[in-house]
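# Model the structure of this input:
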Amino acid sequence: MRNVDAAGLGIGDDYPPRLMGVLNVSEESPYEPSVFDDAGEAAAYVDEELIGEGADIVDVGLESANKRFEVLSAEQELDRLETAVAAMESVSGDAVFSIETRYHEVAEAALDAGFDMVNDICGFADPEMPRVCAERDAAVVKMASPPDLTRPGAIEAVDDIYAALEREGLTEKTIVDPAFGGWSEEKTLEDDRETFHRLREFRALDRPILVSINRKNFLRDLAGRSTEEALPVSLAATAMAVERGAHIVRTHDVAETRDAALVGDAFARERVRHGGEVAVEELDVTSVGDLRRHLDRVDGGSELARRGVVRVFEFADLSPTARETLAEAVSGTNAALAGSGTSRLLVGTPADLSEVVDAASGESSALDAALAAVEEIVE
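Next up is the predicted model:
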């Protein structure tokens with residue numbers, strides 16, 4: 001996993017999780033505490049509520065990305081940029097400033113005015129965006145989105161989100177964002193949960209990951225909470241996202257999110273990294289899907305994915321016949337069976353376990369049901 005330098009701020013596996021606080025200069029934005037049209041008031045908010053509470057990055061929005069509102073043109077965003085620049089220049093604290101925009105003209109003007117990075121919510125739908133950022137050596141967040149400047153994040157399936165992030169390529173300083181949230185009528189809460197469940201797969205893009213999950217409805221729904229009541233569930237998800245490999249958390253609740261991110265980072269699995277003449281890194285792979293993404297990245301042949309991940313299952317309350325059936329099925333494979341009494345541990349790759357399932361099926365309905373559950377999980 002490569003790191004990204006954003007105006008001197010290191011982002012990636014070699015650094016602690018970074019917090020991106022939000023400032024809006026768009027009167028239509030729904031989260032009123034972050035909305036300002038006065039540069040001085042905006043700067044005070046950034047110093048006290050964002051940087052003062054631990055934000056490493058301040059993301060400035062010129063318009064609401066909510067699908068209920070009309071999309072502003074580049075010219076309309078540029079009209080609002082003056083307030084954003086004035087606010088940035090009035091801030092006394094130290095942070096990296098990001099401009100949220102879908103237009104290369106706005107990104108260019110913001111970077112030339114002193115902004116440090118870009119948050120592109122349309123994922124390079126403007127094909128000039130990567131060029132503008134690369135020429136200025138600026139980090140850029142690429143949010144998964146259709147190639148349409150009017151439809152940010154309107155993608156449902158995880159595989160399509162991954163493909164959208166690959167589309168138009170990635171700069172050396174790209175950070176990827178899988179775009180959580182209700183960006184389209186078709187996108188369901190279950191779609192977001194599936195994306196969160198498979199978050200590790202996005203590490204195969206070899207770029208740091210940003211998540212924006214603060215008080216999102218796919219989390220609120222789980223706990224039956226309103227937006228105002230959803231901070232605890234957001235913090236739980238933040239710790240999980242960081243443990244699964246997220247590097248930046250975009251949030252309105254900086255102080256609380258900082259603590260949750262630190263917990264996730266502290267309990268994430270240690271991965272071997274050596275950057276010598278021959279670099280080596282232990283990849284964060286826990287499933288067939290994770291490994292398949294990495295194999296695709298190095299043209300390694302995705303058929304190897306089912307032979308590269310080990311799974312362990314415990315079978316309990318086995319009858320003598322079922323124990324004998326399992327032992328015979330395992331004997332002709334590379335899987336292993338261990339244990340005594342009525343329980344056994346079955347260990348092997350998904351490919352090995354599928355062979356065991358095929359060999360052991362048909363002997364008893366009770367064992368067949370358990371084997372079917374194994375087969376479903378390892379696929």
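# Show me the strands in the stretch 51-200 of the chain, by range?
For the stretch 51-200 of the chain, the strands defined by DSSP state E, counting those that start in this stretch cover 57-61, 96-100, 117-120, 139-143, 174-177.
# got TSV for the ones you listed, with mean neighbour count, mean pLDDT and distance to residue 49 too?
C-beta here means a position set from N, CA and C on the backbone, and glycine is covered the same way. Shown next, in TSV, are those (neighbours: other CB atoms under 10 Å; pLDDT from 0 to 100; distance: least, CB to CB, whole Å):
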stretch	mean neighbour count	mean pLDDT	distance to residue 49
strand 57-61	27	96	10
strand 96-100	26	98	15
strand 117-120	28	98	19
strand 139-143	28	98	21
strand 174-177	26	98	23
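# In CSV, list those along with distance to residue 72.
What follows is the strands of the stretch 51-200 of the chain, written out as CSV (distance: least, CB to CB, whole Å):
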stretch, distance to residue 72
strand 57-61, 11
strand 96-100, 12
strand 117-120, 15
strand 139-143, 17
strand 174-177, 20
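# Ok, which of those strands comes nearest residue 321?
Evaluated over the strands of the stretch 51-200 of the chain, closeness to residue 321 peaks at strand 174-177, with 51.1 Å, by CB to CB.
# packing partners for that closest one?
Secondary-structure packing of strand 174-177 (3 or more CB pairs under 8 Å, 6 or more residues apart in numbering; DSSP states H and E): strand 139-143, strand 210-211.
# Can I get those in JSON lines including distance to residue 350?
Shown next, in JSON lines, are the helices and strands packed on strand 174-177 (distance: least, CB to CB, whole Å):
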{"stretch": "strand 139-143", "distance to residue 350": "31"}
{"stretch": "strand 210-211", "distance to residue 350": "28"}
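# so residue 118 makes contact with residue 101?
Yes: counting by CB atoms under 8 Å, residue 118 touches residue 101, with 6.7 Å between them.
# So for those two, which residues contact both of them?
With contacts taken as CB atoms under 8 Å, 6 or more residues apart in numbering, residue 118 and residue 101 have 107, 110 as neighbours in common.
# Give me the contacts around the lowest-mean-pLDDT helix or strand in the chain.
Ranking every helix and strand in the chain by mean pLDDT, DSSP states H and E puts strand 273-275 at the bottom, with a mean of 86. Strand 273-275 is contacted from outside by 13-14, 280-282, using CB under 8 Å, 6+ apart.
# now stretch 328-348
Outside stretch 328-348, the residues within contact range by CB under 8 Å, 6+ apart are 310-319, 323, 326-327, 349, 352-353, 355-357, 359-360, 374.
# Of those, select the buried ones using a ChimeraX command.
A single ChimeraX command selects the buried members of the contacts of stretch 328-348 (16 or more other CB atoms under 10 Å):
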select :311,313,315,318,323,326,349,352,353,355,356,357,359,360,374
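# The contacts of stretch 328-348 in strands, which ones?
Using DSSP state E, 311-315 are the members of the contacts of stretch 328-348 that sit in strands.
# Same list (the residues you listed) but as a markdown table, adding distance to residue 127 and pLDDT.
Formatted as a markdown table, the ones in strands among the contacts of stretch 328-348 follow (distance: CB to CB, whole Å; pLDDT from 0 to 100):
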| residue | distance to residue 127 | pLDDT |
| --- | --- | --- |
| 311 | 42 | 95 |
| 312 | 47 | 96 |
| 313 | 48 | 96 |
| 314 | 52 | 97 |
| 315 | 54 | 96 |
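# Run a quick neighbour tally on residue 223.
Counted with other CB atoms under 10 Å, residues neighbouring residue 223 total 13.
# Need the per-residue pLDDT for it.
Residue 223 carries a pLDDT score of 94 in this model.
# Assign a three-state SS to the residue nearest to it when sequence neighbours are not counted, would you?
Once flanking residues are discounted, residue 223 sits nearest to residue 233: 4.6 Å by CB to CB, 6 or more residues apart in numbering. What DSSP: H, G, I helix; E, B strand; the rest coil gives for residue 233 is helix.
# any idea how far residue 233 is from residue 213?
Note on residue 233: its distance to residue 213, by CB to CB, to the nearest Å, is 10 Å.
# How about residue 246?
For residue 246, the distance to residue 213 - CB to CB - is 9 Å.
# Between the two, point out the one with more neighbours.
Neighbour totals were compared for residue 246 and residue 213, and residue 246 leads with 28 against 24 (other CB under 10 Å).
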